[in-house]
Each structure stands twice: as structure tokens, then as C-alpha cells.
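Trainee: Below is the structure, and that's it, no one-letter string:
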DNA sequence: CGGCATCCTAGACGATACTG
DNA sequence: CAGTATCGTCTAGGATGCCG
């Protein structure tokens, strides 16, 4: 009977009749998800499923490694720049700005000379670590076979 | 003391001294992660962290919604094509092929007339649902604030 | 029905140079 | 130190058309 608002259907093993997986994606019936929107949206910008949206952000090239570092302790900009190894200044800035906009990271400026800026996880950012760990554990336990 | 092979540091609240977060990303010390590889890799193709790799795949535009449908029951190709709403044939094929290559979905061909092809989750695919649910629950509980 | 081949565009990303 | 600006590249993804 497909109750509303359930997520990705319970535990993996227990597949009861009513397990809710298709409404899971947005918590909204499939048929309403993208097209049957109440208001036409500015072409190509209509809302995405929040879960996909989250995974898109975490799935870019540098977000996860940056988060994993900030999970240990606060970092200064160039300190991160060195720690991440391979990231460009441009992408580090962008990654941090996005994380900040999403409320996962906060940025504190110290008016020293030369100036210094510190980045740290917000409580929201910390709260993400737990569910993320479950997925990370799965990824490590089930490494992708090549070719 | 940074034991090897630990993932994204335990529970969110408990931040003990030794919580392992920077080696978490690959299970390998940061300094060895990308550059100090034993063998030089064909420029621009060197290995990624398996966790980031997983999130990149799940984070594309159609993988998650496809998975969420297949989590309910097996689907035929055009049945999926209709259910996903907005996906092109090209991207549905690509998405399914990738999921198949990753061992998350299996494809069965029935030599009927006209031919029919059925897609279903593998046990590995099912096993992914559980950790994924945790993250999905977080995403829904913490919707991103706009601007 | 279930694809594959082709062409095209928008955005992710890297490299480099410049600035308060 | 901590960025911004500009440019070029590469790939995800959409549109369309053909095929067994």
C-alpha cells in the first residue's frame, strides 16, 4: 500500500510486500516526480530528488576527500591544498564554497598578517559522517572488479 | 593510532583521539593515495578512492532512480523507459550497462517474439540498498536549503 | 522490442596568471 | 596566505535516426 515518505525500503533482506522503493526516490509517487509539476520550471532547472542531489555533490572529484580530512580536525586553506594532493586552487575553493553553501562546512577568517582562514565541519557536516560511513564500508567491502 | 582499513570514523558523536578519517578515504595513508603509486599509470587514469568511485556512479543523473525501481521488482527495458520519465533510451542503456558491469544488476534475455529483456538486482545490488538507505534517510531529513 | 551510432551542448575540471 | 579570472579540455547527457 505504498505509504508516503519512506526511503529505499528497510533492511536489505526483509522484502515484504509493501516495501516502498519507487516512491522512495523522492517520497513522491513516480508519476509526479519530474513532469507533472504544479508549475513549469525554467527549462532544465527543475528540482531533482534530494538523494540523487546529495550523491551528485558527494560524488564529484574532491568533495569526499576534503570532507574526510575536515572530519579529523579544522584545516587552513593551504594546509588543505597540500593535504589533498593534486587538487587545484580553483577546485579547492569551489569545493569548499559548495560545502559551505550546503551547510556542511564553516569558514572562519582570522585577520592576522598574513590573513588565515580556517575550515571546519558544522554539526550538520558531522551528522553526515555516520550514514556516509555505512556506504563507505560497503564500498571498501565490495571493491569493483575491473573489466 | 590510525589502524589500517578503517572507514570514515565510527559514530558521528564519538570523536575519540584515534578516530580514523584521513586514511579512511582509501584505507591508505594520504601521502600514498594518488601520486606515490608503485607503478606510473597511463596519464589521467590512475586509481580513485573506491568510495568516491562509488559515489560518482550513484551520483549520476539516472542510476539512483533506476536502482530504486529495480529494488521493487524486475523490469523490462521499455517498462523502465516509461517508468523513469525523462530518460533517453541512450542513457537508460548506458545506465543499465554500467550497473551490470558493476555487478549490481543482471540482464536476462528471453528469445520471444518480439524479444524481451529483463533487468533485476543481483544479491550485491540488494546488499547496497541497506547502506544507501541510511544516506537517503539523511538526505531527506536534511533537505538542502536553497540560496 | 531493445537496442547501437552519430552529432551536439553544458558543465566539470585543469593550468596558468594575477591580486588584496 | 587565500583567493579570483581566464582559458582550454574532456565527458555526461540529450536528440535523432537506423537495425535485427
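Mentor: All right, it came through fine. Quantities reported herein were computed from a predicted structural model and do not represent experimental measurements.

Trainee: residues in contact with the residue in chain A positioned nearest to chain B?
Mentor: Distance from chain B to each residue of chain A (CB to the nearest CB) is smallest for residue A:59, at 3.0 Å. (Glycine included, C-beta is placed from N, CA and C.) Neighbour list for residue A:59: B:52, B:55-60 [criterion: CB atoms under 8 Å, 6 or more residues apart in numbering or on different chains].

Trainee: Next, give phi and psi for it.
Mentor: Backbone torsions for residue A:59, taken as degrees, to the nearest 10, come to phi -90, psi 0.

Trainee: Can you tell me the closest non-neighbouring residue to it?
Mentor: In space, residue A:59 comes closest to residue B:59 once its chain neighbours are excluded; the distance is 3.0 Å by CB to CB, 6 or more residues apart in numbering or on different chains.

Trainee: Which pLDDT value belongs to the one you found?
Mentor: Note on residue B:59: pLDDT of 95.

Trainee: And it, how close does it get to residue A:117?
Mentor: 28 Å (CB to CB, to the nearest Å).

Trainee: Which residues are in contact with the nearest residue to residue A:75 once chain neighbours are set aside?
Mentor: Leaving aside its chain neighbours, residue A:75 sits nearest to residue A:119 (5.6 Å; criterion: CB to CB, 6+ apart). Applying CB under 8 Å, 6+ apart, we find residue A:119 in contact with A:70, A:74-77, A:80, A:96, A:105-108.

Trainee: same question, residue A:70
Mentor: A:80, A:105, A:119-121, A:125.

Trainee: try it again with 6 Å
Mentor: residue A:121 (CB atoms under 6 Å, 6 or more residues apart in numbering or on different chains).

Trainee: same check, this time on residue A:76
Mentor: Here residue A:76 is in contact with A:116, A:118 (CB under 6 Å, 6+ apart).

Trainee: partner residues bridging it?
Mentor: Under DSSP bridges, the beta-bridge partners of residue A:76 are residue A:118.

Trainee: Residue numbers of chain A in contact with DNA strand C?
Mentor: With CB under 7 Å from any atom of the strand as the criterion, chain A meets DNA strand C at residues A:44, A:60-62, A:86-91, A:114-115.

Trainee: Now with 6 Å, please.
Mentor: Selection of chain A residues close to DNA strand C by CB under 6 Å from any atom of the strand yields A:60-61, A:87-91, A:114-115.

Trainee: Which other helices and strands does the helix or strand harbouring residue A:57 contact?
Mentor: Using DSSP states H and E, residue A:57 falls within helix A:50-58. In terms of contacts (3 or more CB pairs under 6 Å, 6 or more residues apart in numbering or on different chains; DSSP states H and E), helix A:50-58 is packed against helix B:50-58, helix B:123-141.

Trainee: So that helix, near DNA strand D or not?
Mentor: No: Helix A:50-58 stays clear of DNA strand D (CB under 6 Å from any atom of the strand), getting no nearer than 7.7 Å.

Trainee: ok and that helix relative to helix A:123-141, angle-wise?
Mentor: Computed by axes from the mean of the first three to the mean of the last three CA atoms, to 10 degrees, the angle separating helix A:50-58 from helix A:123-141 equals 80 degrees.

Trainee: ok, then the element right after helix A:50-58?
Mentor: Next element after helix A:50-58 (DSSP H and E): helix A:63-70.

Trainee: near DNA strand D, anything from that next one?
Mentor: No: Helix A:63-70 is not in contact with DNA strand D by CB under 6 Å from any atom of the strand; minimum separation 12.4 Å.

Trainee: same question, stretch A:90-98
Mentor: Yes: on the criterion CB under 6 Å from any atom of the strand, stretch A:90-98 is in touch with DNA strand D at A:90, A:93.

Trainee: avg pLDDT for that stretch?
Mentor: Mean predicted confidence for stretch A:90-98 is 98.

Trainee: buried stuff in it?
Mentor: Neighbour counts over stretch A:90-98 (16 or more other CB atoms under 10 Å in any protein chain shown) mark A:91-92, A:95-96, A:98 as buried.

Trainee: cool, stretch A:80-92 as well?
Mentor: Buried positions in stretch A:80-92, judged by neighbour count with 16+ other CB under 10 Å: A:80, A:83-84, A:87, A:91-92.

Trainee: I am finished for the moment; much appreciated.
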